[in-house]
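Q: below are the sequence and a predicted model; questions follow.
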Protein chains: 2
Amino acid sequence: MIGTPVHALKKGSNVSIVVQKYGGTSVADIHRIRSVASRVLKSQKAGHNVVVVVSAMAGETNRLVELAREINLSPPERELDVLVSTGEQVSAALLTLAIRDKGGKAESLMGHQVRIITDSTYAKARIKGIEKDRLLKSLEVGHIAVVAGFQGIDEEGNITTLGRGGSDTTAVALAAVLEAFRCEIYTDVEGVYTADPNIVPEARKLKHISFDEMMEMAGQGAKVMQVRSVEIAKKFNVPFVVRSSFSNEPGTLVDKEGLRMEGAVVSAVTCDANQARIAIYHVQDRPGVAARIFGPLAQANIVVDMIIQNVSAEGLADITFTVPRNDLEAAFGIVEKVSHECGATKVEKSDNIAKVSIIGVGMQYSPGIAAKMFEALSKSGINISMISTSEIKISCAVERKFAELAVRVLHERFGLEKEETG
Amino acid sequence: MIGTPVHALKKGSNVSIVVQKYGGTSVADIHRIRSVASRVLKSQKAGHNVVVVVSAMAGETNRLVELAREINLSPPERELDVLVSTGEQVSAALLTLAIRDKGGKAESLMGHQVRIITDSTYAKARIKGIEKDRLLKSLEVGHIAVVAGFQGIDEEGNITTLGRGGSDTTAVALAAVLEAFRCEIYTDVEGVYTADPNIVPEARKLKHISFDEMMEMAGQGAKVMQVRSVEIAKKFNVPFVVRSSFSNEPGTLVDKEGLRMEGAVVSAVTCDANQARIAIYHVQDRPGVAARIFGPLAQANIVVDMIIQNVSAEGLADITFTVPRNDLEAAFGIVEKVSHECGATKVEKSDNIAKVSIIGVGMQYSPGIAAKMFEALSKSGINISMISTSEIKISCAVERKFAELAVRVLHERFGLEKEETG
């Protein structure tokens, strides 16, 4: 996916490159842009070659999308990408101006200038390759390279965007290509927490977790980062730090290993209230039935998460699964039609659920974690309607009104408020 | 400057390309963008291949420049170009969305996609060449090509902008390269007038004027277009029409010939209140003195307009000249220093002047026009402090408070309110 990494800027030199990514809230106004400029310059003065990736100013992407929707209710994605990518272009130029105002050397670079080459899937393009020459040229003359995040170009030169969390993806991919010494994701929270502090006041910032845990957390509704950028970090083994641009706290280090602790098998509890459930009753249990149901959903780009199938003695199956809440109506329309053809007697939908998960690399070596989870929920009178598991995660669907209670109960049950000892 | 023009889209085909440029007020809001979309589609339905060039939405460029200035009082021009060029990118995407919403086929193209190659003079780059393949590819599949005006890239891929009136320049240059059948400059006025209608209520819209007259008018303060785009139109013989996007009036045709009329020697009266005057007294009249004074001004990028030099019997010269009002302080600083070295006894400045001009291709064949002008001004008690002439223009500097009166007096004296007979 990404070209061969460079080992040093010039033959014989041994320069350490740092990639820093600043999110929309970190560049939300002029005051904050100035403070990011200071932070970036401090890193340069500490002896690093700094590549900065910026998001659009908070609110700007939404403003542009709204403008597009006012003109065209289903705006074609090529043009939407042209439109929204201006948000990052503005941020990159403004941050460069702020750095230069403080006497620093800097230049902004857009996706078409760095040459961040993607496929042509507008609105959620995947990076195919990044040329590093232009970036290195910038660093060589002592510039801070300020790269517009989220954007790229396809092989025909069309402007593309990388989808939600795209600027994180840009940062991690640049760090991979440049073999950066460090990748720092600056955001408006202090790091990754054992649970959402708004739900669990005792939630504790994690010092160190693994790529796999971070990916599960992203997938299970922790809003710090999108799964995709963590996937890339894992694939190219780019350790990164999630930290706040509003403080000097060290943040959370995410890498291959995470922190192995005696006894600590669960690292975090997450909650995803953005799920809805569809149930199909009494489908004939024949080969190909699942494909006939889930095929059209995939074609409609609807992501199916938890799937449960029970087969009765009569050879009839009940199939239950979850989809993102926003896709519920579309998914239900598709499923109703197909289920009919499969002989289903009833199709039901409910957007009254939430998915609560516990995550931890230690889990795979510790039997009995699932039982402990179910027991804790049950003791608090919380009914579990669906269960799904991976090696390092157990998720339960519960009634939405119990979601926060479930998170608090599990956080306490697994002792997550206690300080790490690693 | 511009590559060889194309004669037809495909071998054997004979397709007429129309280039239409819409200014900032024509795309100022969603309502207006929709109406531009309708107009563009109408042209396509009439059988044309349409290339549209758009400016930033009215006010947007100023908003972005303000933002930059809040961060950096003297923002480096490379970054300012990155910033302000987003304005045209947004307009191009929104107009494309509007055309597609109405069922049309369209795609937006940025400077780096068309490949509008410029030199590297940020903020006022000059076009070196335009590749036409990408545009033709778009037209070939039936698209309306919506090009972001004002912007280009240099040979290293840096984003540049073409300076004030840059979108007109883009339109005229595209029309030249594509050998367009027609170039239409849509703006918020009905065309080119014999004088500013705000000053002279009797002012009349001209049906037809020459490139040379249009250039003089632009140079003398008529705000319809910048000199540079007219220069390019003349150089590549691209006739264009200036018309309103808010009406269906035919506008003013600007071409090589203009309209030759019996008796009509003056086409228009213009007024430029944006001038200031510097006078240097008693300089020694030696070779090289003018160069010593005007050299440093040119180096500081200050455009000197009218220049008058009187030499006294004692061999001492008084030099008077005008500069744009915004440059007065800078120019005065430079001139004070140099004048001292040339032995001048006094240097004065005044920003209390305006330049009033009469323009007309007929003038060069009609003696006595200047005398008629001076007489008319004198009769109204307006004192002339400086005079400069070209083949098709006579300009007088007058006290600013008399500027509007002078325009009205001259408009009447030369009978410009009368209908053209050509």
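A: Thanks, I have the structure now. Numbering: from 1, shown residues only, chains lettered A, B, ... in the order given.

Q: pick out the residue of the stretch 251-400 of chain A closest to chain B.
A: Of all residues in the stretch 251-400 of chain A, the one sitting closest to chain B is A:N301 (20.6 Å; Cβ to the nearest Cβ). Any C-beta I mention is one placed from the backbone N, CA and C, and that applies to glycine too.

Q: now name the helix or strand holding that residue.
A: Using DSSP states H and E, A:N301 sits within no helix or strand.

Q: now do it: how many residues are near it, please.
A: Using other Cβ atoms under 10 Å in any protein chain shown, A:N301 has 9 neighbouring residues.

Q: how close does it get to A:H143?
A: The gap separating A:N301 from A:H143 is 40 Å, by Cβ to Cβ, to the nearest Å.

Q: please apply the same query to A:A218.
A: Using Cβ to Cβ, we find A:A218 at a distance of 32 Å from A:H143.

Q: contact partners of whichever strand or helix holds A:M215?
A: Using DSSP H and E, A:M215 sits within helix A:211-219. Outside helix A:211-219, the residues that touch it by Cβ atoms under 8 Å, 6 or more residues apart in numbering or on different chains are A:192, A:209, A:224-227, A:230-231, A:233-234, A:254-256, A:258, A:267-268, A:270, A:357, A:359-361, A:390, A:392-393.

Q: check those residues against chain B, which are close?
A: Among those, not one lies near chain B by Cβ under 8 Å from any Cβ of the partner chain.

Q: next step: those residues restricted to helices.
A: Per DSSP state H, helices hold the following members of the contacts of helix A:211-219: A:V227, A:V230, A:E231, A:A233, A:K234.

Q: how many other residues sit next to A:Y281?
A: Neighbours of A:Y281 using other Cβ under 10 Å come to 17.

Q: next one: A:V266
A: 26.

Q: quick check: pLDDT value at it.
A: On pLDDT, A:V266 comes in at 91.

Q: next, count neighbours for whichever residue of the stretch 101-250 of chain A sits closest to chain B.
A: Chain B sits closest to A:D101 of the stretch 101-250 of chain A, with a gap of 4.0 Å, by Cβ to the nearest Cβ. A:D101 has 17 neighbouring residues, counting by other Cβ under 10 Å.

Q: for it, give me its contacts.
A: A:D101 neighbours (Cβ under 8 Å, 6+ apart): A:R34, A:A37, B:I71, B:N72, B:L73.

Q: can you check which helix is longest in chain A?
A: Under DSSP H, chain A gives helix A:77-101 as its longest helix.

Q: next helix or strand past that one?
A: strand A:106-109.

Q: thought A:Q284 was touching A:G315?
A: Yes. The criterion here is Cβ atoms under 8 Å, and A:Q284 meets it with A:G315 at 7.1 Å.

Q: so how far is B:N62 from A:N237?
A: Taken as Cβ to Cβ, the span from A:N237 to B:N62 is 47 Å.

Q: got it, and A:C342?
A: A:C342 is 61 Å from B:N62, by Cβ to Cβ.

Q: which bits of chain A sit near chain B?
A: So chain A meets chain B at A:30, A:33-34, A:64, A:67-68, A:70-73, A:75-76, A:78-80, A:82-83, A:85-86, A:89-90, A:92-94, A:96-98, A:100-101, A:107-108, A:110, A:112-113, A:134, A:157-159 (Cβ under 8 Å from any Cβ).

Q: make it 7 Å
A: A:30, A:33, A:67-68, A:70-72, A:75-76, A:78-79, A:82-83, A:86, A:89-90, A:92-94, A:96-98, A:100-101, A:107-108, A:112-113, A:157 (Cβ under 7 Å from any Cβ of the partner chain).

Q: out of the residues you listed, which end up buried?
A: A:30, A:33, A:67-68, A:70-72, A:75-76, A:78-79, A:82-83, A:86, A:89-90, A:92-94, A:96-98, A:100-101, A:107-108, A:112-113 (16 or more other Cβ atoms under 10 Å in any protein chain shown).

Q: wasn't A:E66 part of a helix?
A: Yes. Under DSSP: H, G, I helix; E, B strand; the rest coil, A:E66 falls within a helix.

Q: surely A:E88 meets A:V52?
A: No. Counting by Cβ atoms under 7 Å, A:E88 stays clear of A:V52, with 11.7 Å between them.

Q: tell me where the stretch 301-422 of chain A has strands.
A: Along the stretch 301-422 of chain A, counting by DSSP state E, counting those that start in this stretch, strands occupy A:307-311, A:316-324, A:346-359, A:384-390, A:393-399.

Q: mean neighbour count added to these, as TSV?
A: Below are the strands of the stretch 301-422 of chain A laid out as TSV (neighbours: other Cβ atoms under 10 Å in any protein chain shown):
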stretch	mean neighbour count
strand A:307-311	13
strand A:316-324	21
strand A:346-359	20
strand A:384-390	16
strand A:393-399	22
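
Q: got the contact list for the most centrally placed residue in chain A?
A: Geometric centre of chain A, nearest residue: A:Q226, 0.7 Å, by Cα atoms, centre = their mean. For A:Q226, the contacting residues are A:R164, A:G165, A:D168, A:A218, by Cβ atoms under 7 Å, 6 or more residues apart in numbering or on different chains.

Q: filter the residues you listed to the buried ones?
A: A:G165, A:D168, A:A218.

Q: check the contacts of A:D101 and tell me the two furthest apart.
A: Taking every pair in those and measuring Cβ to Cβ, the maximum separation is 14.7 Å, between A:A37 and B:L73.

Q: neighbour-wise, which of the two wins?
A: The residue with more neighbours, out of A:A37 and B:L73, is A:A37; 26 against 8, by other Cβ under 10 Å.

Q: what's the following helix or strand after the helix or strand hosting that one?
A: For A:A37, the host element (DSSP H and E) is helix A:30-45. Using DSSP H and E, the helix or strand that follows helix A:30-45 in sequence is strand A:49-54.
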